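Generate a structure from the sequence data that follows.
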Amino acid sequence: MIIEFEGEIFRWEAREDSAWFFTSVPPELSEDIREIPRPYRGFGSVRVKARVGGSEWSTSIFPSSDGTYVLPLKKAVRDAEGLEDGGAVVVRLDVLDG
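This is a model prediction of the structure:
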């Protein structure tokens, strides 16, 4: 399954010194991902190949408290693509689990 969406970049607020940044998969796409049969992984994670601009990497998305999945945006990708907290990001995900 391949999905594309635009999201907002946000910093993980659980710790003040956090340097973890994410974007949320929209609710309707998160629901589609949840419906894919797959083996359980730690924390409910789902393996994906992500693409933002010219950057592509393998990672996992994780369920959040609001029912959507969140995609971590590593520093190398944020730097290469000029991404900033509060900015917009266009994402393509190839869901590998399922």
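
rest of the way, CA atoms for contacts and neighbours
Will do.

Mind checking the pLDDT average for stretch 13-25?
For stretch 13-25, mean pLDDT is 82.

gap between the two ends of it?
18 Å (CA to CA, to the nearest Å).

Export whichever strand or helix holds I3 to PDB, keeping only CA atoms.
For I3, the element it lies in under DSSP states H and E is strand 2-11. Extracted as PDB, the C-alpha positions of strand 2-11 are listed here (Å, rounded to 0.1, in the frame of the first residue of the first chain):
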ATOM      1  CA  ILE A   2       1.400   3.400  -1.000                       C
ATOM      2  CA  ILE A   3      -0.100   6.600   0.500                       C
ATOM      3  CA  GLU A   4       0.700  10.200   0.000                       C
ATOM      4  CA  PHE A   5      -0.300  13.200   2.200                       C
ATOM      5  CA  GLU A   6       0.700  16.600   3.400                       C
ATOM      6  CA  GLY A   7       1.200  17.100   7.200                       C
ATOM      7  CA  GLU A   8       2.500  19.500   9.700                       C
ATOM      8  CA  ILE A   9       5.900  19.000  11.400                       C
ATOM      9  CA  PHE A  10       5.800  19.000  15.200                       C
ATOM     10  CA  ARG A  11       8.300  18.400  18.000                       C
END
